[in-house]
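S.K.: predicted model and sequence below, questions to follow.
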Amino acid sequence: MNGINCGVPIYDFPVPNWNKGKKQTYAMNAEKIVIHNTYNSAKAKAEASYMVGNSSWTSFHTVVDESAIYECIPFNRNAWHCGATYGNRHYIGIEIARSTGNANDFAKAEENCAKYVAAILKARGWNVDRVVTHQYCSGKYCPHKTLDLGWQRFINIVKKYMGQTLVQVNTSVSRGGYSVMTKTPGDVLNVRMGPGVGYRKVSSYRDGSKIYVEEVVKNIEGTWYKIPRAGYVSARYCVGI
Ligand SMILES: [Zn+2]
């Protein structure tokens, strides 16, 4: 439904047309991701089935358990999940299921959610500061189990799947201050939000373009040039001038 690929099976479980006006009322330009726990031991598919078919306003975009992810509402529509008007109109709501059930199932569900969230962040060029709790939005103690176990711990799992821990350890950044020429015969050079192929493509340069290098970033994905107000390009496809 949202084009996310994170190594966990993702299934569409859309709201039926008759219920869309209530469950996903408005168009949305998402700004943050809100994490919830279901406060229930049911599996994700049962939660999805219940939400899309009932007549209450309460809804969410996605629900995750230990074996799968169910996407019910696309990220370009709103959902009613966080008890605050602004958040309900601008934030993606993700439920982690099984929060009152077996501890191992919940741990796996949280891990799957972290993989999914990391993939969303990378696809959008967002950092982990975009991930917040329901508690942040309205004060409700949710995601209760994730909070009990430690919010920063969950954020660290997300970071792990974004590759940030690894990148931080191995990254070096040095000043640029010079120009290079792109060399991609018959092709373009992609500009990305961050220094790696996992980051979203934001624009491109034609072969032979002269570009100014602000910073040089070296990480596990090689050497990347930071271009002012544009993004990052792989140094592999550039030559000195
Ligand atoms: Zn919640």
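M.R.: Received the coordinates, thanks. This one's a predicted model, so the numbers in the text were calculated from it and none came from an experiment.

S.K.: mind giving me the domain split of this structure?
M.R.: Using automatic domain parsing, the domain ranges for the chain come out as 10-162, 169-240.

S.K.: could you tell me the least trusted of the ones you listed?
M.R.: Mean pLDDT per stretch puts domain 169-240 lowest among the domains of the chain, at a mean of 89.

S.K.: now do it: distance to the chain's middle.
M.R.: Between the centre of domain 169-240 and the centre of its chain there are 23 Å (C-alpha atoms, centre = their mean, to the nearest Å).

S.K.: again with stretch 38-54
M.R.: Its chain's C-alpha centre and that of stretch 38-54 lie 22 Å apart, by C-alpha atoms, centre = their mean.

S.K.: also stretch 28-46?
M.R.: How far stretch 28-46 lies from its chain's middle: 13 Å, per C-alpha atoms, centre = their mean.

S.K.: quick check, it touching the ion?
M.R.: Yes: using C-beta under 5 Å from the ion, stretch 28-46 reaches the ion at His36. (Glycine included, C-beta is placed from N, CA and C.)

S.K.: send over that stretch as CSV, restricted to the C-alpha atoms.
M.R.: Output in CSV follows, covering the C-alpha atoms of stretch 28-46 (Å, rounded to 0.1, in the frame of the first residue of the first chain):
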residue,chain,number,x,y,z
MET,A,28,-2.6,14.0,4.7
ASN,A,29,0.9,15.2,4.2
ALA,A,30,2.6,13.1,7.0
GLU,A,31,5.1,14.8,9.3
LYS,A,32,5.8,12.2,12.1
ILE,A,33,5.2,8.6,13.1
VAL,A,34,3.3,7.8,16.3
ILE,A,35,3.9,4.5,18.0
HIS,A,36,1.0,2.8,19.9
ASN,A,37,0.5,-0.5,21.7
THR,A,38,-2.9,-2.2,21.2
TYR,A,39,-3.3,-3.0,24.9
ASN,A,40,-4.5,-6.4,23.7
SER,A,41,-3.1,-9.9,23.1
ALA,A,42,-4.8,-10.3,19.7
LYS,A,43,-2.8,-10.8,16.5
ALA,A,44,-2.3,-8.0,14.0
LYS,A,45,-4.7,-9.4,11.4
ALA,A,46,-7.5,-9.6,13.9
